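S.K.: sequence first, predicted coordinates after that:
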Number of protein chains: 2
Amino acid sequence: MQSESMDKREKLLQTALELFVKQGFNDTPTSKIAKEAGIATGTLFYFFPTKDELIISLYLKVKGQATESINVALTEVKSTKEVIKTYYEQSLKWSLRNPNEFSFLAQFSNSPYLKKIGADEISAQIAPVLPHFRLAIEEQQIVDIDVNLLYALISNQVFGVNQFLSANKFTKKEQHNIIQDTFFMFWKMIER
Amino acid sequence: MQSESMDKREKLLQTALELFVKQGFNDTPTSKIAKEAGIATGTLFYFFPTKDELIISLYLKVKGQATESINVALTEVKSTKEVIKTYYEQSLKWSLRNPNEFSFLAQFSNSPYLKKIGADEISAQIAPVLPHFRLAIEEQQIVDIDVNLLYALISNQVFGVNQFLSANKFTKKEQHNIIQDTFFMFWKMIER
DNA sequence: TGAATGACTGACTAAACAGTCACTAAATTA
DNA sequence: TAATTTAGTGACTGTTTAGTCAGTCATTCA
């Protein structure tokens, strides 16, 4: 049955994610992933030819999920400012809902593994937002800077605010306020 | 002679840094570090009892260098705004002058290794800047936000701009302009 | 039915690894 | 000078690791 094999593949990825976040790539042998998942080592290598390919598959899957989740929210949106605000809020909310996934992406992106995936695969993830940025610049809503710089600024502010929110215990209400306030600040930074 | 032993210790740290950045912690065995440095494996373990301690020593050394380099520049500075500007510029310039070190810090900070160093050691690195932030808030120069949030914002903007500058080939002049422009934006974001 | 295919297994292996240890050589100290 | 300490060595080892492989079981297909 296909759904069962999918389940095992998924279970392996899920288990690997948790172990990678807890112990890092080094200290997470494939044997441990398989054991923890209750699946034979051979099965792991049946689905993923090498450990590297497991790690890369996991990255592409998680990154894809994040991108999709954010882009879905973008379609429902009207004004240019709303698009950027929604992108900011949704990125932050996704990262808070999925701390393990977010932590894994950070670990992967700052390791030499990043170089193992194609530059085009990275830019494909970034691509969907850029037209919105370009439009905002054309409309003279925001300052005229390189859209890649703008992307770096928004991503890293999201990362920074996530760091701050994760390091402290806030109520939902407080969290929400901080997200709103920091977006307001971000907008003030880039508006014309 | 002490300076010779220091040399070997330093050589090991230097070599480890380069290999860690190129291949990551996983794929850099201690044997390779020693070999590349032209030093016996035993000597590596004479200076660093375990591989983990080598990695952590390297982190503390590099982080300390960065902090010191930035703090030195801060002492010469007068107005509150100038302090924040200098902190921003110096952080960015250090990261551009020391790409390997910066890359290593990012890799380490986003890996589970970070948890292996004391929380007090981290806050000790951050501590020197916070009073300046507090003063700027008291003077009502900038908005009244948690200084830790402010620290996260400035650090991550530095990281983002570094990313952008490193990913493209700019002249010194262009680089300088982007640093100035992005600080101007940052200030606009936080000013009252 | 029975042949073929695909999912899955876990004992196994060859290589790689972190760390050890018995040792040397040189410098310090007494 | 003799004793002691300190820096440095590299062959070696026990363990861990990624990856293999011969084979099981259940389903599909002819």
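M.R.: Happy to help now that I have it. Source: prediction; values computed, not measured.
S.K.: CA atoms for contacts and neighbours, from now on please.
M.R.: OK.
S.K.: list the buried residues of stretch A:19-36.
M.R.: A:19-22, A:24-25, A:28-30, A:33-34 (16 or more other Cα atoms under 10 Å in any protein chain shown).
S.K.: export those residues to TSV and tack on distance to A:Phe102?
M.R.: Formatted as TSV, those follow (distance: Cα to Cα, whole Å):
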residue	distance to A:Phe102
A:Leu19	14
A:Phe20	12
A:Val21	9
A:Lys22	13
A:Gly24	14
A:Phe25	15
A:Thr28	18
A:Pro29	21
A:Thr30	22
A:Ile33	20
A:Ala34	23
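S.K.: nearest to DNA strand C, of these?
M.R.: A:Ala34 (8.3 Å; Cα to the nearest atom of the strand).
S.K.: so who does that closest one touch?
M.R.: For A:Ala34, the contact set (Cα atoms under 8 Å, 6 or more residues apart in numbering or on different chains) comprises A:12, A:40-41, A:44.
S.K.: secondary structure element for it?
M.R.: Under the criterion of DSSP states H and E, A:Ala34 resides in helix A:30-37.
S.K.: what mean pLDDT does that helix have?
M.R.: Helix A:30-37 comes out with an average pLDDT of 96.
S.K.: next helix or strand past it?
M.R.: Toward the C-terminus from helix A:30-37 - assigned by DSSP H and E - lies helix A:41-47.
S.K.: in that following helix, which residues are buried?
M.R.: Per 16+ other Cα under 10 Å, helix A:41-47 contains these buried residues: A:Leu44.
S.K.: tell me which residues are up against that helix.
M.R.: Contacts for helix A:41-47 (Cα under 8 Å, 6+ apart): A:9, A:12, A:30-31, A:34-35.
S.K.: neighbours of the residue in chain A positioned nearest to chain B, how many?
M.R.: Residue nearest to chain B within chain A: A:Met189 (4.5 Å; Cα to the nearest Cα). Using other Cα atoms under 10 Å in any protein chain shown, A:Met189 is surrounded by 21 other residues.
S.K.: OK, contacts around A:His132?
M.R.: A:80, A:83-84.
S.K.: revised request: answer the last question for A:Gly64.
M.R.: With Cα under 8 Å, 6+ apart, A:Gly64 has these contacts: A:Gln125.
S.K.: who in chain A is up against chain B?
M.R.: Counting by Cα under 8 Å from any Cα of the partner chain, the residues of chain A close to chain B are A:21-26, A:103, A:106-107, A:110-112, A:148-149, A:152-153, A:155-157, A:159-161, A:163-164, A:185-190.
S.K.: what's the PyMOL line that selects buried ones from these?
M.R.: PyMOL command restricting the residues of chain A next to chain B to the buried ones, with burial defined by 16+ other Cα under 10 Å:
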select buried, chain A and resi 21+22+24+25+103+106+107+110+111+112+148+149+152+153+155+156+157+159+160+161+163+164+185+186+187+188+189+190
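S.K.: the helix of greatest length in chain A: which residues count as buried?
M.R.: If you go by DSSP state H, chain A has its longest helix at helix A:51-75. Neighbour-count burial for helix A:51-75 flags A:54-56, A:58-60, A:62-63, A:66-67, A:70-71, A:74 (criterion: 16+ other Cα under 10 Å).
S.K.: what is the most widely separated pair among those residues?
M.R.: Spanning the widest gap among these are A:Leu54 and A:Leu74, at 30.3 Å by Cα to Cα.
S.K.: ranges for the strands of chain A?
M.R.: For chain A, no strands are identified by DSSP state E.
S.K.: domain map for it?
M.R.: For chain A, the structural domains run A:1-49, A:59-190, going by automatic domain parsing.
S.K.: comparing the ones you listed by mean pLDDT, which bottoms out?
M.R.: Checking each of the domains of chain A, the one with the poorest mean pLDDT is domain A:1-49, at a mean of 88.
S.K.: residue ranges of the helices in chain A, please?
M.R.: Under DSSP H, chain A gives helices at A:2-23, A:30-37, A:41-47, A:51-75, A:80-97, A:99-109, A:119-126, A:130-138, A:147-167, A:172-190.
S.K.: DNA strand D versus the closest residue to A:Ile33 other than its chain neighbours, what's the distance?
M.R.: Closest residue to A:Ile33 apart from its sequence neighbours, by Cα to Cα, 6 or more residues apart in numbering or on different chains: A:Ala16 at 5.7 Å. Separation of A:Ala16 from DNA strand D (Cα to the nearest atom of the strand, to the nearest Å) stands at 11 Å.
S.K.: near DNA strand D, which residues of chain A?
M.R.: Neighbours of DNA strand D within chain A, by Cα under 7 Å from any atom of the strand: A:1, A:26-31, A:41-42, A:45, A:49-52.
S.K.: swap in 10 Å and give it another go.
M.R.: A:1-2, A:25-34, A:40-46, A:48-54 (Cα under 10 Å from any atom of the strand).
S.K.: isn't A:Phe183 up against A:Lys85?
M.R.: Yes. A:Phe183 is in contact with A:Lys85 according to Cα atoms under 8 Å; the separation is 6.9 Å.
S.K.: hmm, A:Thr182 and A:Lys85 touching each other?
M.R.: No. Assessed by Cα under 8 Å, A:Lys85 is found out of contact with A:Thr182, at 10.5 Å.
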